[in-house]
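**Q** the following block contains a protein sequence and its predicted model.
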Amino acid sequence: MSTPEPRPGLFLQPFVVSQLVGEVVADLVRGSGVSGTEFAVMSAIAVWPGSTPTQLSRRLGMPPTTLSALLNRLEDRGQVRRMRDRGDGRRFILELTARGRRTRQRNLERFPTWLQRVQDHLGADPESVLDAMRKLEDALRRALADQKP
């Protein structure tokens, strides 16, 4: 009788999934002029309009310096712009440019095929998987907040 292969735990499994999702997204955006990470940030700007870089950094769980460098690249390529917040002139709000919206839309049009391919192999309701992932995200955020002084 063979010993079952060890399975990744609560921290390694999400890392593995993240790497695989990264491969899929890289395939989806290939040739579009943006990387998978850049596409994710552009999508986050579209999902959370009016976000500041600080808010977006928190929402994405991305270090501010990493996000800032990425935003600089997207801004240099005319995909994203930072605008002064009308309510607070000290803050900047992020928005996609017309070019950024077109790039994002073209990439989104490639998603249904991959999404269906993954759902065909999922063996579960996608919403139940997303619900479990959101619970893990919430638990991780709370645990990290508990650690801060």
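**A** Okay, I see it. This is a predicted model, so every value here is computed, not measured. Numbers count the residues shown, from 1 in each chain.
**Q** does the residue nearest in space to the middle of the chain belong to a helix, a strand or coil?
**A** By Cα atoms, centre = their mean, the chain has its centre lying nearest to Ala40, at 4.1 Å. Of the three states, Ala40 takes helix under DSSP: H, G, I helix; E, B strand; the rest coil.
**Q** Pro4 too?
**A** coil.
**Q** hey, where'd the helices end up in the protein?
**A** Applying DSSP state H to the chain gives helices spanning 12-29, 36-47, 53-60, 64-76, 98-108, 111-122, 126-147.
**Q** re earlier: hang on, isn't the residue nearest to the centre of the chain packed against Val25?
**A** Yes: counting by Cβ atoms under 8 Å, Ala40 touches Val25, with 6.9 Å between them. Just so you know, the C-beta spots here come from the backbone N, C-alpha and C atoms, and that holds for glycine as well.
**Q** tell me the most buried of the helices of the chain?
**A** Most buried of these, by mean neighbour count (mean count of other Cβ atoms under 10 Å): helix 36-47, with a mean of 19.
**Q** could you check how far that helix is from the centre of its chain?
**A** 6 Å (Cα atoms, centre = their mean, to the nearest Å).
**Q** again, but for stretch 126-133
**A** The chain centre lies 16 Å from the centre of stretch 126-133; the measure is Cα atoms, centre = their mean.
**Q** what sits up against it?
**A** Contacts of stretch 126-133 with the rest of the structure, by Cβ atoms under 8 Å, 6 or more residues apart in numbering, involve 119, 122.
**Q** keeping just the C-alphas, turn that stretch into CSV.
**A** Extracted in CSV, the C-alpha atoms of stretch 126-133 (Å, rounded to 0.1, in the frame of the first residue of the first chain):
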residue,chain,number,x,y,z
PRO,A,126,-17.6,28.8,-8.1
GLU,A,127,-19.4,31.0,-5.5
SER,A,128,-18.7,28.5,-2.7
VAL,A,129,-15.0,28.5,-3.7
LEU,A,130,-14.9,32.3,-3.7
ASP,A,131,-16.7,32.4,-0.3
ALA,A,132,-14.0,30.2,1.2
MET,A,133,-11.3,32.4,-0.3
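**Q** who's in contact with Leu28?
**A** Residues near Leu28 by Cβ under 8 Å, 6+ apart: 36, 39, 107, 110-111, 114.
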